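Student: build the 3D model from these lines:
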Amino acid sequence: MSEIPTTMPAVAYRKSLPVDDAESLVDVTLSVPQPGPRDLLVRVEAIAVNPVDYKVRQNNDPGGETKVLGWDAAGTVVAVGDEVEAFKAGDEVFYAGAIDRPGTNALFHTVDERIVGHKPTTLSFSEAAALPLTSLTAWEGLFEHLGLRDGALEKSGTLLVTAAAGGVGAMVAQLARALTSLTVIGTASRPETTEFARRMGVSHVVDHRKPLAPQVTQAAPGGVDFVFSTAGTDQNLAAYADILKPFGRLVAIDDFGPVEIGLLKSKSISFHWEFMFTRSLHRTPDQATQRHILNRIARLVDAKILTTTATTDLGTINAEHLREAHRLLESGKAIGKVTLTGF
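Tutor: Modelled structure (predicted):
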């Protein structure tokens, strides 16, 4: 393996600016980071962009300090820390990183081995980079918070997932179709998003631009057992309370202000948060759960049970292309996942 350089290209931001400002994301040269005891040093081959990228850029002004964004990545391990157990140099990996560490929009990146999986062998780096953050979010939401069991095909019922053509929604639909017997209802609003949602595993599509409850009731007259809310939770909470069955479960991942949670009380509906970064942010004892989930996702992909949600690759990893990616996600019109490949 070639010698590791001392500096590397990266894309960073120094001030919270509108995405159309050329300084909102800039090309920089940084020192190559050194891996800690449990870290991998990864040569980043491809990245994917998520709403968290532009939300951090918009809402966390670094005051002139150079900050690198980016979480989803796929690449090759080039060095390992002294206490690393599960990986070696040369391994191909994919992961979603940690929100409190420098991001993946750089040629080399350090990441704790416990939140890294072995890359699916049947996917390219860009196809693999599309999967980690959304797969972890979908898996934790379904199997940890909503209480479903992986492979519990005897468990029938109905799941509603909002924005089913988005990155998380598409993975929720795929996992529910592959590993449960749930009927999946998904929301979408355009012909192209409706088609993508159906391809991902949605049986019934309802329009999230129209009142939700009447449409869902038509598709599931008896109500739904589970709701995976990826967007609009505050606007839709009353509808969720209406359509969820008694003792139903609701998991949400979006950001919103105060809501009238009492709407859920009469049916004993449980509300759950899913935040994929919780384990790494709080250094929980079970961080390695995310490695196991990613390895399971990789096996399912290689078995042709799951597929990548990568739909748009915007070219090499640089500031211009990343601004284009942020702009697309900010528009709310992205389908699946947006990736960038190589430096």
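Student: alpha carbons only for contacts and neighbour counts from here, please
Tutor: OK.
Student: I'd like the mean pLDDT over stretch 201-209, please.
Tutor: Per-residue pLDDT over stretch 201-209 has a mean of 95.
Student: tell me if I'm right that Gly141 and Arg249 touch.
Tutor: No: shown here, Gly141 and Arg249 do not form a contact pair, counting by C-alpha atoms under 8 Å, at 10.6 Å.
Student: can you show me the strands along the stretch 101-250 of the chain?
Tutor: If DSSP state E, counting those that start in this stretch is used as the criterion, the strands of the stretch 101-250 of the chain fall at 108-112, 116-118, 158-161, 183-188, 204-207, 224-229, 244-252.
Student: would JSON lines of those strands with mean neighbour count and distance to Ala10 be doable?
Tutor: Shown next, in JSON lines, are these (neighbours: other C-alpha atoms under 10 Å; distance: least, C-alpha to C-alpha, whole Å):
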{"stretch": "strand 108-112", "mean neighbour count": "25", "distance to Ala10": "9"}
{"stretch": "strand 116-118", "mean neighbour count": "26", "distance to Ala10": "21"}
{"stretch": "strand 158-161", "mean neighbour count": "26", "distance to Ala10": "35"}
{"stretch": "strand 183-188", "mean neighbour count": "25", "distance to Ala10": "35"}
{"stretch": "strand 204-207", "mean neighbour count": "21", "distance to Ala10": "40"}
{"stretch": "strand 224-229", "mean neighbour count": "26", "distance to Ala10": "34"}
{"stretch": "strand 244-252", "mean neighbour count": "21", "distance to Ala10": "33"}
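Student: I'd like those as a markdown table, with distance to Glu324 appended.
Tutor: Below are the strands of the stretch 101-250 of the chain laid out as a markdown table (distance: least, C-alpha to C-alpha, whole Å):
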| stretch | distance to Glu324 |
| --- | --- |
| strand 108-112 | 22 |
| strand 116-118 | 27 |
| strand 158-161 | 27 |
| strand 183-188 | 23 |
| strand 204-207 | 27 |
| strand 224-229 | 27 |
| strand 244-252 | 28 |
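Student: list the contacts for the residue nearest the centre of the chain?
Tutor: For the chain, the residue sitting closest to the mean C-alpha position, by C-alpha atoms, centre = their mean, is Thr134 at 2.4 Å. Counting by C-alpha atoms under 8 Å, 6 or more residues apart in numbering, Thr134 makes contact with 167-168, 171.
Student: from those residues, which land in helices?
Tutor: Mapping the contacts of Thr134 onto helices (DSSP state H) picks out 167-168, 171.
Student: nearest to Lys119, of the residues you listed?
Tutor: When these are compared for distance to Lys119 (C-alpha to C-alpha), Met171 wins out at 16.7 Å.
Student: number of nearby residues for the closest one?
Tutor: When neighbours are defined as other C-alpha atoms under 10 Å, Met171 has 28 of them.
Student: low-confidence ranges in the stretch 1-150 of the chain?
Tutor: Low-confidence segments of the stretch 1-150 of the chain (pLDDT under 70): 1-2.
Student: just so I have it, where are all the helices in the chain?
Tutor: 51-59, 125-129, 132-139, 167-179, 191-200, 212-219, 233-243, 278-281, 289-302, 319-330.
Student: list just the nearest of the contacts of Thr134 to Gly232.
Tutor: Proximity of the contacts of Thr134 to Gly232 (C-alpha to C-alpha) peaks at Val168, which lies at 14.0 Å.
Student: nearest residue to that closest one in space, please, no chain neighbours.
Tutor: With C-alpha to C-alpha, 6 or more residues apart in numbering as the criterion, Val168 has its nearest non-adjacent residue at 4.6 Å, and that residue is Thr134.
Student: the one you found and Thr122: what is the separation?
Tutor: The gap separating Thr134 from Thr122 is 19 Å, by C-alpha to C-alpha, to the nearest Å.
Student: for Ala238, what are its contacts?
Tutor: For Ala238, the contacting residues are Leu263, by C-alpha under 8 Å, 6+ apart.
Student: surely Asp225 meets Gly157?
Tutor: Yes: when contacts are counted by C-alpha under 8 Å, Asp225 is listed as touching Gly157 (6.0 Å).
Student: what's the top strand by length along the chain packed up against?
Tutor: Secondary structure of the chain per DSSP state E: the longest strand is strand 39-49. Packing partners of strand 39-49 (3 or more C-alpha pairs under 8 Å, 6 or more residues apart in numbering; DSSP states H and E): strand 73-80, strand 108-112, helix 125-129, strand 337-341.
Student: and those: which comes nearest Arg14?
Tutor: Proximity to Arg14 (C-alpha to C-alpha) singles out strand 108-112 among the helices and strands packed on strand 39-49, at 19.1 Å.
Student: and the closest one, which strands flank it?
Tutor: If you go by DSSP bridges, strand 108-112 pairs up with strand 39-49 (antiparallel).
Student: so the partner strand versus strand 73-80, what angle?
Tutor: Interaxial angle of strand 39-49 relative to strand 73-80 (axes from the mean of the first three to the mean of the last three C-alpha atoms, to 10 degrees): 170 degrees.
Student: distance from the chain centre to strand 39-49, please.
Tutor: 15 Å (C-alpha atoms, centre = their mean, to the nearest Å).
Student: surely Asp91 and His118 touch.
Tutor: Yes: taking C-alpha under 8 Å as the contact criterion, Asp91 and His118 are neighbours in contact, 7.4 Å apart.
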